[in-house]
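S.K.: fold the following for me, if possible:
(one chain, ligands or ions: 2)
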Amino acid sequence: MQNILLTGGTGYIAAHTAITLIEQGHNPILLDNFVNSSPKIVPRIAEICGKTPSLIELDILDTQSLTQVMRTHNIHAVIHFAALKAVGESVARPLAYYHNNVVGLLSVLNAMQAAKVAHIVLSSSATVYSEDAKPPFVEDAPLAANSPYGQTKVMMERIINDIAHTDPNLRFAMLRYFNPVGAHPSGLIGEHPNGIPNNLMPYIQQVAIGQRDYLSVWGNDYGTTDGTGERDYIHVMDLADGHVLALAHLLKGEPSFTVNLGSGEPVSVLQLVRTFEMVTGQTIPYKIAPRRAGDVAVLLANPQRAKDLLGFSTKRTTADMCADAWRWQKNNPNGFSS
Ligand code: NAD
Ligand code: UDP
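M.R.: Ligands and ions are numbered 1, 2, ... in the order given. Okay, here's the model as predicted:
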């Protein structure tokens, strides 16, 4: 059984990944400062998989303590989820984002070097692709980001690549997530954003539960099937599977790699709304509103490399994403405080 350190371990994607790691015989150790999550998720993870993962409260910026954690827990690999992730907030608070995400990564890498931990899996994002790249994106497409958040991800990838060039011991998996949605099918854990949700699925969930009156559909004049924005939604449990496959590939001694994790299938805003309505029986009132600044028409993965390299492909449907998201929302209208 290998000890895997999950930075940002009580966050949305990390918590779902922890379950799959436990089910696959790994020993995930969750580390978080709870800036955007709650330790209350840990008993829920235990309820789902019958094992309570270790939890460490720590800021990744504290390199000395982080090194100590890696040494005392005999860490074999790090999955680095910890980051601030709100695009809009990053425009308002760029210093906080560069500090937490970029300096935070440097701290993790320094700790890994000091503790002789050689494997890192990074949470990257579809947001690293340049507006000049043509969807579906292949991994070698040009990179550029138009927000400080996106820039931190481009920089984080670059930093890891540069260090791996000079440090033959360091091996990495860069995972570019497309649009993670949904929840564990138990309904015990899921995503609970603070304040008004920016992202589509959590907003739909909150309209369905009656916390918001209607959904604003940001633009219906894009050059897409029905004029609304198209995205590549991926069920968070498929994403969790992708992490475990990526980790296994690295731990087998294979070379470092960068892959998209997406389905390759576009879903428009209105298609997602209709699927949610059909699966849940809830009506989602919506109004067409002007385009959201900074939005692109289509974000879509070419998923071929992940399939060839890792044998990864998505298994859960858009209907599964809606059903699981709704089960979580209905049972926990106020997230982990309900
Ligand atoms: P999340 O906010 O739920 O999880 C991030 C976790 O990191 C939180 O628990 C937060 O408390 C923790 N954290 C932040 N800064 C920290 C610090 N300095 N020290 C310790 N812990 C810290 O977000 P998520 O959706 O689970 O995202 C996980 C990762 O995936 C992030 O790196 C994010 O940028 C990336 N990502 C997310 C999406 C998405 O749509 N959710 C898409 C692409 C990439
Ligand atoms: N969207 C919308 N209303 C909302 C939130 C999002 O119409 O309240 C649209 C958005 O314009 C985009 C799609 O839904 O076309 C996905 O948006 P999200 O913010 O979830 O993901 P991202 O744009 O970051 O990929």
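S.K.: OK, contacts around the residue of the chain found nearest ligand 2?
M.R.: Residue nearest to ligand 2 within the chain (Cβ to the nearest ligand atom): residue 229, separated by 2.2 Å. The C-beta positions use only the backbone N, C-alpha and C, and glycine is treated the same way. Listed by Cβ atoms under 8 Å, 6 or more residues apart in numbering, the contact set of residue 229 reads 218-219, 222, 268-269, 295-298.
S.K.: next step: these restricted to strands.
M.R.: Among the contacts of residue 229, DSSP state E puts 218, 268 in strands.
S.K.: of the contacts of residue 229, closest to residue 114?
M.R.: Ranked by distance to residue 114 (Cβ to Cβ), these are led by residue 296 at 40.5 Å.
S.K.: nearest residue to that closest one other than its sequence neighbours?
M.R.: If the residues on either side of it in the chain are set aside, residue 296 comes closest to residue 131, at 6.5 Å by Cβ to Cβ, 6 or more residues apart in numbering.
S.K.: how much space between that neighbour and ligand 1?
M.R.: Using Cβ to the nearest ligand atom, to the nearest Å, residue 131 is found at 17 Å from ligand 1.
S.K.: what's near enough to touch that residue?
M.R.: By Cβ under 8 Å, 6+ apart, the contact list for residue 131 reads 144, 146, 296.
S.K.: ok, back up a step: by neighbours, which of the contacts of residue 229 wins?
M.R.: Greatest neighbour count in those, by other Cβ atoms under 10 Å, goes to residue 269: 25 neighbours.
S.K.: need the contact list for that one.
M.R.: Shown in contact with residue 269 (Cβ under 8 Å, 6+ apart): 200, 217-218, 228-229.
S.K.: the same query, at a cut-off of 10 Å, please.
M.R.: Taking Cβ atoms under 10 Å, 6 or more residues apart in numbering as the criterion, residue 269 is in contact with 200, 204, 215-220, 222, 224, 226-231, 286, 288.
S.K.: output the below-cut-off pLDDT ranges for this structure.
M.R.: Scanning the chain for pLDDT under 70 picks out 338.
S.K.: can you list the residues of it near ligand 1?
M.R.: Residues of the chain found near ligand 1, taking Cβ under 6 Å from any ligand atom as the criterion, are 8, 10-14, 32-37, 59-61, 81-85, 100, 104, 123, 125, 177, 180.
S.K.: hmm, try it at 5 Å
M.R.: 8, 10-13, 32-33, 35-37, 59-60, 81-83, 85, 123, 125, 177, 180 (Cβ under 5 Å from any ligand atom).
S.K.: hmm, back to that, just the buried ones among the contacts of residue 269, please.
M.R.: Neighbour-count burial (16 or more other Cβ atoms under 10 Å) is assigned, among those, to 200, 204, 215, 217-220, 222, 224, 227-231, 286.
S.K.: assess the claim that residue 241 and residue 314 are in contact.
M.R.: Yes - counting by Cβ atoms under 10 Å, residue 241 touches residue 314, with 8.7 Å between them.
S.K.: now do the buried residues in stretch 32-45.
M.R.: Judged by neighbour count (16+ other Cβ under 10 Å), stretch 32-45 contains these buried residues: 32-33, 36-37, 41-42, 44-45.
S.K.: which residues do residue 241 and residue 314 both contact?
M.R.: Common neighbours of residue 241 and residue 314 (Cβ under 10 Å, 6+ apart) are 235, 261.
S.K.: contact partners for the residue nearest to residue 147 when sequence neighbours are not counted?
M.R.: Nearest residue to residue 147, sequence neighbours excluded (Cβ to Cβ, 6+ apart): residue 87, at 4.8 Å. Residue 87 is in contact with 97, 125, 127, 145-150, 198-199, 294, counting by Cβ under 10 Å, 6+ apart.
S.K.: can you say which of those residues are buried?
M.R.: 97, 125, 127, 145, 147-150, 199.
S.K.: return the subset of the contacts of residue 269 lying in helices.
M.R.: 200, 204 (DSSP state H).
S.K.: any figure for the gap between residue 250 and residue 304?
M.R.: Applying Cβ to Cβ, to the nearest Å, the value for residue 250 to residue 304 is 20 Å.
S.K.: more neighbours: which of those two?
M.R.: residue 250 (20 against 15).
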